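> Provided below are the primary sequence and the corresponding predicted coordinates.
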Amino acid sequence: MIEQYSFGNVVVNGVSYVNDIKIIQGNVISEWWRKRAHFVDVDDIQDILKSKPGILVLCKGSPGQMKSTEALREFLGKNNIELIEEKTSGAVKTFNRLFKQGKNVSAGFHLSC
């Protein structure tokens, strides 16, 4: 599904994206913005949460600056949604592996810092 990643750019199903994206049930939502740039909170991923994923992969950016909030981690735990947070290169591999295995996985990708 994710064919290529380089700093600030990701190619998904032949389409290049230069802004942060979310992937929900195999569909790309481009131009993902968060209320607090390098923090992901419950409000930032309501569309993902409505899809009821079993796994959420959060890409922390190349150097790993983006992080989930405590409130998000608590919410995911209470709703039995596994959270995987990794730097971009690892998150791409993890997402592709889980998606190919047919897992109910969604993701948020921070493409730069």
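Perfect, I can see it now. Residues are numbered from 1 along each chain as shown.

> separation between the residue lying farthest from the centre of the chain and Ser68?
The outermost residue of the chain relative to its centre, with distances by CA atoms, centre = their mean, is Lys78 at 19.2 Å. Taking CB to CB, to the nearest Å as the criterion, Lys78 is separated from Ser68 by 14 Å. All C-beta spots, glycine's among them, are computed from the backbone N, C-alpha and C.

> re earlier: can you report phi and psi for the residue farthest from the centre of the chain?
In this entry, Lys78 is assigned phi and psi values of phi -70, psi -20 (degrees, to the nearest 10).

> would you list every one of the helices in this protein?
When secondary structure is read from DSSP state H, the chain shows helices at 46-50, 70-78, 88-100.

> pick the most deeply packed of these.
Greatest average neighbour count among the helices of the chain goes to helix 88-100 (a mean of 17), per mean count of other CB atoms under 10 Å.

> so how far is it off the chain centroid?
Taking CA atoms, centre = their mean, to the nearest Å, one finds the center of helix 88-100 at 10 Å from the center of the full chain.

> state the mean pLDDT of that helix.
Along helix 88-100, the predicted confidence averages to a pLDDT of 96.

> who touches that helix?
1-2, 5, 10, 23, 26, 55, 57-62, 84-86, 105, 107, 109-111 (CB atoms under 8 Å, 6 or more residues apart in numbering).

> now which of the residues you listed would you call buried?
Buried by 16 or more other CB atoms under 10 Å: 2, 5, 10, 23, 55, 57-62, 84-86, 105, 107, 109-111, out of those.

> okay then, goodbye and thanks.
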